[in-house]
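>>> One predicted model, sequence on top.
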Amino acid sequence: MRSFKSIFISVTLAAALITIVFILNAQRPAIETNQPSPDFVRATGKCAECHRRETSAVVHQFERSEHAKHGVSCLECHKAVEGQETQAHKSFTIAKDLTAKNCSECHSTEYAQFLRSRHAAPAWAAVSGARDFTTEQIAFAEKYHKGAVNRPPNPLAIREGESAINVGCLGCHDIGKPNDDGSIGTCTDCHARHSTSIALAREPETCGQCHMGPDHSQIEIYHESKHGVLYNAQKGDMNLKAPPKMLSTADMSVPTCVTCHLSGLDGLNVTHDTTERLSYWLFAAISEKRPTYQRGQDAMKETCSKCHASSQVEAFYQEAEEVVADTNHKIDEAVTLIKSLREEGLITDTPFDEPIEFIYFDLWHYYGRTAKHGAFMGGADFVQWHGNYELLLKMTELKKIAAELRAGTTKP
Ligand code: HEC
Ligand code: HEC
Ligand code: HEC
Ligand code: HEC
Ligand code: HEC
Ligand code: HEC
Ligand code: HEC
Ligand code: HEC
């Protein structure tokens with residue numbers, strides 16, 4: 001009897017509850033009933049359950065991330081935010097494409113810093129010019145980097161054509177792509193989509209995806225430097241996962257790219273603005289001081305001084321600045337030569353249509369840059385054999401061709 005009575009009560013209560021749920025649910029807006037809430041997704045893991053069969057690597061990567069540990073669900077990243085196109089997907093609604101905007105919903109500080117950096121609009125404009133940006137975006141970026149966005153498309157890129165631009169140049173420069181939702185860039189070049197790891201971002205190879213080759217040999221220089229050699233030998237003992245605000249020299253006693261350029265080592269500010277600690281425009285043919293010269297140099301030196309005596313750091317900078325001055329002087333000679341050949345009508349105004357222009361371009365764009373980058377990042381071989389030796393060789397070639405053009409033995 002007692003058991004029948006309790007079953008009867010339970011059934012009645014359950015029926016009442018179901019009715020209440022139905023009534024409440026009918027009053028919720030349609031969008032909420034069609035779209036399971038993030039809580040629901042987190043609780044059931046529907047995306048993960050199905051994707052474990054469909055694209056298992058995605059789920060494995062996600063499961064190891066800090067996001068999984070902090071209960072961030074698949075849908076919290078994949079839902080469409082303002083300005084994004086949606087697509088129906090297995091009874092969910094997800095965004096067609098994800099951009100920096102999805103990340104910025106939860107990480108606005110990092111996005112704001114990134115937006116000020118040359119990794120944002122300037123990177124895209126270096127190839128495609130200003131045409132893909134709104135007036136506001138141009139004005140914003142120009143405040144921090146004068147002339148870096150309000151510029152014409154790159155003449156070399158135009159000569160090479162669309163497919164070379166899209167798969168080549170923009171394969172690296174799309175770190176600052178203007179997105180349809182009004183945001184700029186992508187965060188996953190350094191963090192990856194699903195592991196979203198800071199340990200990955202601290203690996204030099206991550207930066208080396210783009211910072212490589214003869215025109216910006218940063219990864220090659222790093223591997224030759226004492227820092228790179230020591231890092232490779234000792235990285236097993238380091239703690240690359242240390243939270244940025246607590247990163248100390250005990251976690252990483254040898255610097256990688258980010259230690260010098262971005263990290264918050266021993267109480268320094270973490271930054272996503274790669275310009276903050278720089279003092280020269282080293283990528284330019286003739287490298288001038290940035291308007292933020294003093295602030296940039298002080299900030300970098302402060303980073304060095306977490307591990308080095310300031311006398312050593314000052315001596316290092318003095319030598320590197322001598323290389324900048326000396327390289328400027330050498331490139332200036334080439335600039336003057338090319339300019340006078342143009343004025344004499346011996347070369348055309350069209351860029352990249354004559355061999356001598358390529359020699360001149362290699363001279364500053366490969367060897368001049370390499371010498372300067374080598375000097376600041378500890379790569380003696382790059383200052384010398386990949387730098388100054390080549391500068392001398394190319395200058396000799398330039399002078400020979402110039403003499404032939406002037407003597408009329410080479411046709412313009
Ligand atoms: C019932 C199974 C199932 C569920 C549930 C599911 N997916 Fe998928 N998803 C798939 C399949 C199948 C594909 C296509 C895979 C392929 O093309 O090989 C896919 C593709 C995707 C893609 C790539 C779409 C594109 O066009 O590039 C994304 C992003 C995605 N799913 C995210 C999610 C998210 C987020 C959730 C949860 C909100 C989810 N999925 C739930 C099965 C599922
Ligand atoms: C930290 C944000 C984030 C989280 C969390 C996240 N994703 Fe993604 N996912 C991305 C980004 C960014 C992309 C790239 C999308 C693009 O390029 O438009 C992506 C792409 C994908 C793709 C397409 C992959 C390919 O190579 O074709 C699938 C499938 C996918 N996600 C499923 C999931 C599933 C399932 C989960 C949960 C287990 C999940 N995602 C969690 C950010 C996230
Ligand atoms: C729904 C909110 C949310 C979204 C969207 C989101 N994150 Fe996060 N993210 C978090 C939380 C919470 C943490 C862990 C706590 C913390 O470190 O702030 C975190 C941590 C991180 C970390 C530090 C990881 C580590 O190893 O310590 C990185 C890097 C990161 N997110 C990048 C991204 C990127 C890139 C995207 C977009 C593809 C993104 N996040 C989207 C909430 C989010
Ligand atoms: C392998 C990746 C990669 C490719 C491919 C690439 N770049 Fe770059 N580019 C970079 C990096 C990294 C820098 C930053 C160099 C520095 O600051 O030392 C850079 C710098 C530049 C700069 C100087 C910075 C500025 O804002 O003026 C220009 C111009 C430029 N690239 C144009 C191009 C063009 C045009 C192409 C294709 C013809 C191209 N790049 C292909 C990675 C790449
Ligand atoms: C997807 C390609 C890509 C990756 C990955 C990348 N960069 Fe860059 N980086 C660029 C490009 C392109 C530029 C040149 C932008 C310009 O000046 O036009 C650049 C410029 C820079 C600059 C010069 C900024 C300035 O003000 O002149 C620094 C410093 C830098 N990157 C550091 C890093 C570090 C450190 C990493 C790794 C954590 C990294 N980058 C990862 C593409 C990349
Ligand atoms: C020991 C510290 C240190 C390490 C490690 C380091 N850098 Fe640098 N980097 C510097 C200094 C110093 C400069 C010159 C700063 C200035 O302009 O005053 C510089 C300049 C640069 C520039 C030149 C920007 C321009 O004006 O053209 C880029 C790009 C860059 N570094 C990227 C990288 C990358 C990528 C790595 C890793 C492969 C790396 N750095 C490793 C200290 C470092
Ligand atoms: C050039 C590479 C690069 C890009 C691009 C990049 N990050 Fe980072 N991010 C890093 C590095 C490196 C760290 C760790 C800094 C350190 O060592 O202290 C980091 C740390 C973080 C953290 C943890 C910060 C903290 O203080 O705990 C978050 C969150 C994050 N990034 C989000 C983003 C978002 C969002 C974007 C896009 C707007 C983005 N990142 C783009 C390199 C990058
Ligand atoms: C996280 C710590 C750390 C930071 C930051 C750091 N270094 Fe180093 N550096 C080292 C270590 C460790 C060595 C190897 C010293 C040894 O031989 O024991 C080294 C070696 C060097 C050497 C080679 C010394 C030699 O005699 O071979 C130079 C030069 C140097 N660093 C300059 C710099 C400059 C300049 C900066 C800043 C732009 C910098 N370092 C930032 C840790 C650091």
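Looks like it came in fine. Ligands and ions are numbered 1, 2, ... in the order given.

>>> doesn't residue 82 make contact with residue 180?
No. Counting by CB atoms under 8 Å, residue 180 stays clear of residue 82, with 11.7 Å between them. For glycine as for every other residue, the C-beta is placed from the backbone atoms N, C-alpha and C.

>>> Remind me which helix or strand the residue in the stretch 301-412 of the chain positioned nearest to ligand 3 belongs to.
Nearest residue of the stretch 301-412 of the chain to ligand 3 (CB to the nearest ligand atom) works out as residue 303 at 20.4 Å. Taking DSSP states H and E as the definition, residue 303 sits inside helix 293-304.

>>> Can you give the distance from that helix to the centre of its chain?
Helix 293-304 sits 21 Å away from the centroid of its parent chain (CA atoms, centre = their mean, to the nearest Å).

>>> Could you chop this protein up by domain?
27-97, 99-196, 310-407 (automatic domain parsing).

>>> Could you count how many residues lie near the residue of the stretch 251-400 of the chain found nearest ligand 2?
Here the stretch 251-400 of the chain gets closest to ligand 2 at one residue, residue 272, 16.0 Å apart by CB to the nearest ligand atom. When neighbours are defined as other CB atoms under 10 Å, residue 272 has 20 of them.

>>> Three-state assignment for it, please.
Here residue 272 is coil, with the state taken from DSSP: H, G, I helix; E, B strand; the rest coil.

>>> Help me confirm that it comes into contact with residue 262.
Yes. The pair residue 272 and residue 262 qualifies as a contact (CB under 8 Å) at a distance of 6.7 Å.

>>> Alpha carbons only: can I get stretch 192-200 in PDB?
Extracted in PDB, the C-alpha atoms of stretch 192-200 (Å, rounded to 0.1, in the frame of the first residue of the first chain):
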ATOM      1  CA  ALA A 192      45.800  27.900 -32.900                       C
ATOM      2  CA  ARG A 193      42.100  27.300 -33.100                       C
ATOM      3  CA  HIS A 194      41.400  24.700 -30.500                       C
ATOM      4  CA  SER A 195      44.400  24.300 -28.300                       C
ATOM      5  CA  THR A 196      44.500  28.100 -28.000                       C
ATOM      6  CA  SER A 197      47.700  27.700 -26.000                       C
ATOM      7  CA  ILE A 198      50.100  30.300 -24.700                       C
ATOM      8  CA  ALA A 199      52.800  27.700 -24.600                       C
ATOM      9  CA  LEU A 200      52.400  27.400 -28.400                       C
END
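
>>> what's the span of stretch 195-212, first residue to last?
Stretch 195-212 has an end-to-end distance of 24 Å (CA to CA, to the nearest Å).

>>> That one vs ligand 6: in contact?
Yes. Using CB under 6 Å from any ligand atom, we find that stretch 195-212 touches ligand 6 at 204, 207-208, 211.

>>> ok and the longest helix that the chain contains relative to helix 293-304, angle-wise?
When the chain is parsed with DSSP state H, its longest helix is helix 310-343. Relative orientation of helix 310-343 and helix 293-304, computed by axes from the mean of the first three to the mean of the last three CA atoms, to 10 degrees: 140 degrees.

>>> Same question for helix 310-343: list its buried residues.
Across helix 310-343, burial judged by 16 or more other CB atoms under 10 Å covers 313, 316-317, 320-321, 323-324, 327-328, 330-331, 334-335, 337-338, 341.

>>> burial count for residue 269?
Number of residues near residue 269 (other CB under 10 Å) recorded here: 12.

>>> er, residue 395 actually
By other CB under 10 Å, neighbour count at residue 395 equals 19.

>>> Endpoints of stretch 166-184, how far apart?
End to end - CA to CA - stretch 166-184 spans 17 Å.

>>> Wondering if it reaches ligand 5 at all.
Yes. Counting by CB under 6 Å from any ligand atom, ligand 5 is contacted by stretch 166-184 at 172-173, 175.

>>> Can you name the residues in contact with that stretch?
Residues outside stretch 166-184 that contact it (CB atoms under 8 Å, 6 or more residues apart in numbering) are 81-85, 97, 99-101, 104, 111, 115, 118-128, 132-134, 137, 154, 157, 160, 185-186, 189, 209-210.

>>> Now, of those, which are buried?
Buried subset of the contacts of stretch 166-184 (neighbour count, 16+ other CB under 10 Å): 84, 99-101, 104, 111, 115, 118-128, 133, 137, 154, 157, 185-186, 189, 210.

>>> From the residues you listed, which land in strands?
The strands, defined by DSSP state E, take in nothing from the buried ones among the contacts of stretch 166-184.

>>> re earlier: please state the backbone phi and psi of the residue of the stretch 251-400 of the chain closest to ligand 2?
With angles defined as degrees, to the nearest 10, residue 272 sits at phi -100, psi 10.

>>> leaving aside the residues next to it on the chain, what's closest to it?
residue 113 (3.7 Å; CB to CB, 6 or more residues apart in numbering).

>>> Next, the contact list for the one you found, please.
By CB under 8 Å, 6+ apart, the contact list for residue 113 reads 271-273.

>>> now the closest residue to residue 255 other than its chain neighbours, what's its secondary structure?
Distances taken as CB to CB, 6+ apart place residue 227 nearest to residue 255, at 5.4 Å, with adjacent residues excluded. Using three-state DSSP as the criterion, the local structure at residue 227 reads helix.

>>> okay, now residue 227: neighbour count?
Neighbours of residue 227 (other CB under 10 Å): 21.

>>> Thought residue 254 was touching it, still the case?
Yes. At 5.8 Å, residue 227 and residue 254 qualify as touching, with contact defined as CB under 8 Å.

>>> I'd assumed residue 94 was in a strand, is it?
Yes. Under three-state DSSP, residue 94 falls within a strand.

>>> For the stretch 151-300 of the chain, which residue gets nearest to ligand 3?
In the stretch 151-300 of the chain, the residue that lies nearest ligand 3 is residue 187 (3.6 Å; CB to the nearest ligand atom).
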